[in-house]
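[1] Using only what follows, build the 3D model:
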Amino acid sequence: MAKKQYSLEFIEQIINECQETGNVAIVARRHNISASTIHTWISKKRQRGSVASLPKTKEARYKTMEKQLKEISTENDMLKRLIA
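    Numbers count the residues shown, from 1 in each chain. Model prediction:
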């Protein structure tokens, strides 16, 4: 079965409707959409501030690497304290 594509406007509308009603299951049944799909949209919006897919630009890769560097530096500092 082919994966159904929804417009960003429609997804935003569904998320807003879920926030207004406070019930994902009701909105899912009303629009004949899986509740897990709606939960995924809500999760993406919380994480990214938007449901749109993030492009893998140089800036996005830079931010990812910067985050990884910070985590590794923190881990190194903790290990140095354990050794000392």
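[2] What are the contacting residues of stretch 29-42?
    11, 14, 15, 18, 24, 25, 27, 28, 51 (C-beta atoms under 8 Å, 6 or more residues apart in numbering). C-beta here means a position set from N, CA and C on the backbone, and glycine is covered the same way.
[3] buried set for the helix or strand where the second one lies?
    The reference is to residue 14. Counting by DSSP states H and E, the element that carries residue 14 is helix 8-21. Of all the residues in helix 8-21, those buried under the rule 16 or more other C-beta atoms under 10 Å are 11, 12, 14, 15, 17, 18.
[4] want to throw the residues you listed into CSV with pLDDT and distance to residue 77?
    Output for those, formatted as CSV (pLDDT from 0 to 100; distance: C-beta to C-beta, whole Å):
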residue, pLDDT, distance to residue 77
11, 92, 41
12, 90, 41
14, 93, 44
15, 91, 39
17, 92, 46
18, 90, 42
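[5] which among those gets closest to residue 80?
    residue 15 (44.6 Å; C-beta to C-beta).
[6] residue contacts, that closest one?
    Taking C-beta under 8 Å, 6+ apart, one finds 38, 41, 42, 45, 51 in contact with residue 15.
[7] can you put those residues in CSV and add secondary structure, neighbour count and pLDDT?
    Shown next, in CSV, are the contacts of residue 15 (DSSP: H, G, I helix; E, B strand; the rest coil; neighbours: other C-beta atoms under 10 Å; pLDDT from 0 to 100):
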residue, secondary structure, neighbour count, pLDDT
38, helix, 20, 93
41, helix, 20, 91
42, helix, 17, 89
45, helix, 15, 86
51, coil, 18, 63
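[8] Just give me the closest of those to residue 84.
    residue 45 (43.9 Å).
[9] Look up how far residue 41 lies from residue 17.
    11 Å (C-beta to C-beta, to the nearest Å).
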